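[1] predicted model, plus sequence, below.
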Amino acid sequence: MPLIELRGASFSYPGNLKPALKPISLRVERGEYVALVGPNGSGKSSLLRLLDGLEKPSSGLVLVKGLDTAESANRQELRSAVGLVFQSPADQIVSTSVEEDVAFGPENLGLSRDQIAQRVDAALAAVGLEAHRRKSSHFLSAGQQQRLVVAGTIAMGAECLCFDEATSMLDPEGREAVLGLIDRLVAGGTAVVHATHDMNQAARARRIVALDSGALVFDGKSRDFFDPEGPVPPSLRKRLGLPDGDAVARAAGLEPIPGEQPDSLASRIASRLRGRSAGPGSSSASTASAELSRARADAVSAFVVESASHSYLRGSANEASALRDFSISIPRGAIVAFVGRTGSGKSTALQLLDGLASPFAGRVVSFGLDLGAKGTDLRSVRVRAPLAVQRPEAALFERYAGDDVAFGPRNLGLRGRELVDRVKSAMERIGLPYAEYRDRSTRGLSGGEKRSLALAGILAMGGEALLLDEPTAALDTDSRARVMAMIAAEAAAGTTVVMATHSMEEAALADLVAVFRDGELVALGEPERLFYEDYDPSWGIARPYAAEAAAHLGREGIELGSRPLRTSELAAALRGITAEVVA
């Protein structure tokens, strides 16, 4: 008997004519590792909620250990067997201390005090939080909070864990920690269903299940899913993308290995190209960077921060320093990426620029206005430079999507055709066709669609700057590309864009990269320098895949003659070298 089985199960949200899931049949066996993929709105989160029993199927059956999830009498046993880890761990934390939160589930199962203690100890050990057991759960990093939620689920005795984009808000170290935890869970016999938009992560699973528009379109082995000649529809493969190393391996004349790390791929490439390298050449990026530097020197700053420091709960026993002696000058029309570990100060820095947080020392100037000066109208500052917070979808409140986007510009005095044009333009630029989405219920949108809608609301403000905190988190490949294209277009039109991101591939597209570590700005420069000669592993950030692979190739004696930051650039360089080898 399979651990989980769906027999023609479908699901529709109340009030939505379009089903979230069309009839689906599949099985999840004990100890199996399944990656669940699909574009935003394809039904991944809905499917996980069916597996966990949070939702009942509209038709068909969902069975967990042979028990019908639609039967209320089975609820407690079902919740113990299958645990769901949301994208935002804070939504699942119920107690103020770590060990109390882990104990919450077992206590509700009616276990004895000794049994609860044993389960808490084992769960904390499994996720590596033993040293934090008496720490306040609200002062953990995002990665630690995610592990805390997993510990709580393990303590319930779960035989299957479902992860819903559980790594999308984590820094590279936190992401690897959770992925390593998933590997250990599977090795220990726990089944895992991991919904993800990251094809590198999906490639780690033995099996991939793909959804599109609520329908099951693929269920099979990972290598078959990524095979260009395989059964996956080309249109879906294009929207989801491929693992980073795929195009690079093919350019070097090698068979791709899904999920291969840069060092391993570089070693394989070097073995094939041993003794051959590109000429010394010159990187076109270097010339462009020099021109950018000259233009930047003449630019008028959009934001100036001088020796600013900020602490949360200042003066209390729980005071936490967020930023220390932070100084930066951001040119108008530039794209600046804030990067660093979770909790390094990126979000606080964005809030300083928007006036949502005030420094207890130093000063912040936004478009010539000192935010700490008496009489400064902070509302006008925020209209001029609106901030999309880390979870902008949580700020959606209007019933219909179009009305939510219209809220900001309507409060700026726009009416009639001017208002409609502003809303339509913002929604179209972010990839939400106005005619299709304007009357959609905001509550019925997928997580990715909600995030896109919230970004459209920021765009509709028509500000001179955009402050974006993790703008592409939880978006599929196609939507991420659209957001980054929008950012490039806004900057080309003169808008200043400052974004915090855990994606180094996105940071590489910026004019400047600012690296934060432990509340301090430790590096600032153009990505070509930061990710090559200036790179410091102690920053706690990964390099872009292409830069990491190129660095390993250099150690193997393969000189590219350029400093690629994108896999397409690395693939192009390798095609040239490979052509020489073949010749």
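    Cool, got the structure.
[2] C-alpha only now, for contacts and for neighbours.
    Fine.
[3] I'd guess Ile328 is in a helix, am I close?
    No - counting by DSSP: H, G, I helix; E, B strand; the rest coil, Ile328 falls outside a helix, being strand.
[4] and the closest residue to it other than its chain neighbours, its phi and psi?
    Nearest in space to Ile328, with sequence neighbours left out and distances taken as Cα to Cα, 6 or more residues apart in numbering, is Val305 at 5.2 Å. Note on Val305: backbone dihedrals following degrees, to the nearest 10 are phi -120, psi 130.
[5] what bridges to Val305?
    Ile328, Val364 (DSSP bridges).
[6] likewise the one 4 residues further on?
    With DSSP bridges applied, the residues forming beta bridges to Ser309 are Ala361.
[7] do I have it right that Gly362 meets Ala308?
    Yes - the criterion here is Cα atoms under 8 Å, and Gly362 meets it with Ala308 at 4.1 Å.
[8] rewinding a little: how deep is the residue nearest to Ile328 tucked in, by neighbour count?
    For Val305, the neighbour count with other Cα atoms under 10 Å is 21.
[9] ditto for Gly375
    By the measure other Cα under 10 Å, the count of residues near Gly375 is 8.
[10] adjust the sequence numbering to begin at 294 for everything that follows.
    With 294 as the first residue, the last one maps to Gly668.
[11] ok, now how distant is it from Leu662?
    Distance, Gly668 to Leu662, by Cα to Cα, to the nearest Å: 10 Å.
[12] report the buried residues of stretch 454-471.
    Buried residues in stretch 454-471, defined by neighbour count with 16 or more other Cα atoms under 10 Å: 454-465, 467-468, 470-471.
[13] please disregard the earlier target; I meant stretch 397-404.
    For stretch 397-404, the neighbour count (16+ other Cα under 10 Å) marks 397-399 as buried.
[14] try stretch 506-518
    So for stretch 506-518, counting by 16+ other Cα under 10 Å, buried means 506-512, 515-518.
[15] just these: which are in strands?
    If you go by DSSP state E, these have 508-512 in strands.
[16] closest to Ser303 out of these?
    Nearest to Ser303 among those, counting by Cα to Cα, is Ala508 at 9.4 Å.
[17] quick one: the closest one and Lys315 touch, right?
    Yes - using Cα under 8 Å, Ala508 is in contact with Lys315, at 5.3 Å.
[18] out of the helices and strands in this structure, which is least certain?
    Using mean pLDDT, DSSP states H and E, helix 577-591 stands out as the lowest-scoring helix or strand of the chain, at a mean of 37.
[19] who does Val486 bridge with?
    In this entry, Val486 is beta-bridged to Val327, Cys455, by DSSP bridges.
[20] residues contacting it?
    By Cα atoms under 8 Å, 6 or more residues apart in numbering, the contact list for Val486 reads 326-329, 453-456.
[21] that one and Leu558, how far apart?
    Plainly put, Val486 is 27 Å away from Leu558 if you go by Cα to Cα.
[22] still on that earlier bit, same list, the contacts of Val486, but as JSON lines with distance to Ser861 and pLDDT please.
    Below are the contacts of Val486 laid out as JSON lines (distance: Cα to Cα, whole Å; pLDDT from 0 to 100):
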{"residue": "Tyr326", "distance to Ser861": "30", "pLDDT": "97"}
{"residue": "Val327", "distance to Ser861": "29", "pLDDT": "97"}
{"residue": "Ala328", "distance to Ser861": "26", "pLDDT": "97"}
{"residue": "Leu329", "distance to Ser861": "26", "pLDDT": "97"}
{"residue": "Cys453", "distance to Ser861": "38", "pLDDT": "95"}
{"residue": "Leu454", "distance to Ser861": "35", "pLDDT": "93"}
{"residue": "Cys455", "distance to Ser861": "33", "pLDDT": "94"}
{"residue": "Phe456", "distance to Ser861": "30", "pLDDT": "92"}
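[23] all the helices of the stretch 294-443 of the chain, residue numbers only.
    Remark: helices assigned in the stretch 294-443 of the chain by DSSP state H, counting those that start in this stretch are 337-345, 368-374, 391-401, 406-420, 435-448.
[24] can you redo those helices as TSV with mean pLDDT and distance to Arg708?
    Below are these laid out as TSV (pLDDT from 0 to 100; distance: least, Cα to Cα, whole Å):
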stretch	mean pLDDT	distance to Arg708
helix 337-345	94	37
helix 368-374	84	50
helix 391-401	93	49
helix 406-420	92	53
helix 435-448	83	41
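[25] save those helices as a markdown table, and put in distance to Gly638 too.
    Shown next, in a markdown table, are these (distance: least, Cα to Cα, whole Å):
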| stretch | distance to Gly638 |
| --- | --- |
| helix 337-345 | 30 |
| helix 368-374 | 37 |
| helix 391-401 | 23 |
| helix 406-420 | 25 |
| helix 435-448 | 13 |
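[26] so which of those helices is the most packed in?
    Mean neighbours per residue, mean count of other Cα atoms under 10 Å, is largest over these for helix 435-448, with a mean of 26.
[27] how about residues contacting it?
    When contacts are defined by Cα under 8 Å, 6+ apart, helix 435-448 is touched by residues 373, 376-378, 381-383, 385-386, 391, 394-399, 412-413, 415-417, 419-420, 422, 430, 454, 459, 462-464, 467-468, 470-471, 635-636.
[28] try it again at 7 Å.
    376, 378, 382, 385-386, 394-395, 398-399, 412-413, 416-417, 420, 463, 467, 471, 635 (Cα atoms under 7 Å, 6 or more residues apart in numbering).
[29] alpha carbons of it, as CSV, please.
    Output of helix 435-448 as CSV, limited to C-alpha atoms (Å, rounded to 0.1, in the frame of the first residue of the first chain):
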residue,chain,number,x,y,z
ALA,A,435,14.9,32.7,8.3
GLY,A,436,16.9,29.5,7.7
GLN,A,437,16.8,28.6,11.4
GLN,A,438,13.0,29.2,11.5
GLN,A,439,12.6,26.9,8.5
ARG,A,440,14.5,24.2,10.3
LEU,A,441,12.4,24.8,13.4
VAL,A,442,9.2,24.2,11.5
VAL,A,443,10.7,21.0,10.1
ALA,A,444,11.7,19.9,13.6
GLY,A,445,8.1,20.4,14.8
THR,A,446,6.9,18.2,12.0
ILE,A,447,9.4,15.5,12.7
ALA,A,448,8.4,15.5,16.3
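[30] and it with helix 406-420, angle?
    140 degrees (axes from the mean of the first three to the mean of the last three Cα atoms, to 10 degrees).
[31] measure the closest residue in space to Ala766 that isn't next to it in sequence to His487 for me?
    Using Cα to Cα, 6+ apart and skipping residues adjacent in sequence, the residue nearest Ala766 is Ser461, 5.4 Å away. Taking Cα to Cα as the measure, Ser461 falls 12 Å from His487.
[32] cool, Ile550 as well?
    Counting by Cα to Cα, the gap from Ile550 to His487 is 20 Å.
[33] more crowded one of the two?
    Between Ile550 and His487, His487 has the larger neighbour count (other Cα under 10 Å), namely 29 against 16.
[34] who touches the more buried one in this structure?
    327-329, 455-457.
[35] which one of the residues you listed is nearest to Pro526?
    Nearest to Pro526 among the contacts of His487, counting by Cα to Cα, is Leu329 at 16.1 Å.
[36] surely the closest one touches Val502?
    Yes - taking contacts as Cα atoms under 7 Å, Leu329 lies within contact range of Val502: 4.9 Å.
[37] looking only at neighbour counts, state which of those two leads.
    Taking neighbours as other Cα under 10 Å, Leu329 and Val502 compare with Leu329 leading, 28 against 23.
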